[in-house]
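**Student:** how does the following fold in three dimensions:
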Amino acid sequence: MSEAQMTNLDIQCAELGRRLADIRGMDEKTVNALMSVLEEQGPYAMFLYLRARHNQVAGPVTEQALDFLRKPGIFGHKVGETNDVFDAIQRLAEDLDDLLFVRDLLRTALSYARYHLKTKGGGAS
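**Tutor:** Numbers count the residues shown, from 1 in each chain. Okay, the predicted model is just below:
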């Protein structure tokens, strides 16, 4: 892969974090809860929790996460064009390394979202 084709994943995670922080209704408490579930149970559980407990932001968060995962150089080749985040996670779970990498990328993006929310005054913790 040439340097021109390489994807800076940290910048991609930072951009996803910014977009997540810009979602109406997103706050630092929600981001912290998502990070906790992601760390303890993984990406599939995080999206289930999001849908069950934070329905007001679940749609936009899921849409942004899927757009991120579909990008070339991230997991576009494995996720394909699915519109179902649970299907995408199941496809990625076929390879443990991919599943763990997705968890790491989402954790990084949520960390950036938390920092963006802090800069906006979206939380004190």
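**Student:** show the backbone phi and psi for the spatially closest residue to residue 76 that is not a sequence neighbour.
**Tutor:** In space, residue 76 comes closest to residue 70 once its chain neighbours are excluded; the distance is 4.9 Å by CB to CB, 6 or more residues apart in numbering. Any C-beta I mention is one placed from the backbone N, CA and C, and that applies to glycine too. Dihedral angles of residue 70 (phi, psi; degrees, to the nearest 10) stand at phi -70, psi -10.
**Student:** now swap in the one 5 residues further on and tell me
**Tutor:** As for residue 75, its main-chain torsions (degrees, to the nearest 10) stand at phi -140, psi 20.
**Student:** ok, it - contacts?
**Tutor:** Residue 75 makes contacts with 69, 88, 92, 98, 102, as judged by CB atoms under 8 Å, 6 or more residues apart in numbering.
**Student:** and for residue 10, the neighbour number?
**Tutor:** 12 (other CB atoms under 10 Å).
**Student:** ok, it to residue 112 distance?
**Tutor:** Distance, residue 10 to residue 112, by CB to CB, to the nearest Å: 9 Å.
**Student:** one more: residue 99?
**Tutor:** 21 Å.
**Student:** these two: which has the busier surroundings?
**Tutor:** Neighbour count, other CB under 10 Å: between residue 99 and residue 112, residue 112 has more, with 21 against 18.
**Student:** I figured the more buried one hits residue 12, correct?
**Tutor:** No: with contacts counted by CB atoms under 8 Å, residue 112 stays clear of residue 12, the gap being 10.2 Å.
**Student:** now do the SS call for the closest residue to residue 9 other than its chain neighbours.
**Tutor:** In this structure, residue 9 finds its nearest non-sequential neighbour in residue 105, 6.6 Å apart by CB to CB, 6+ apart. The three-state assignment at residue 105 reads helix, by DSSP: H, G, I helix; E, B strand; the rest coil.
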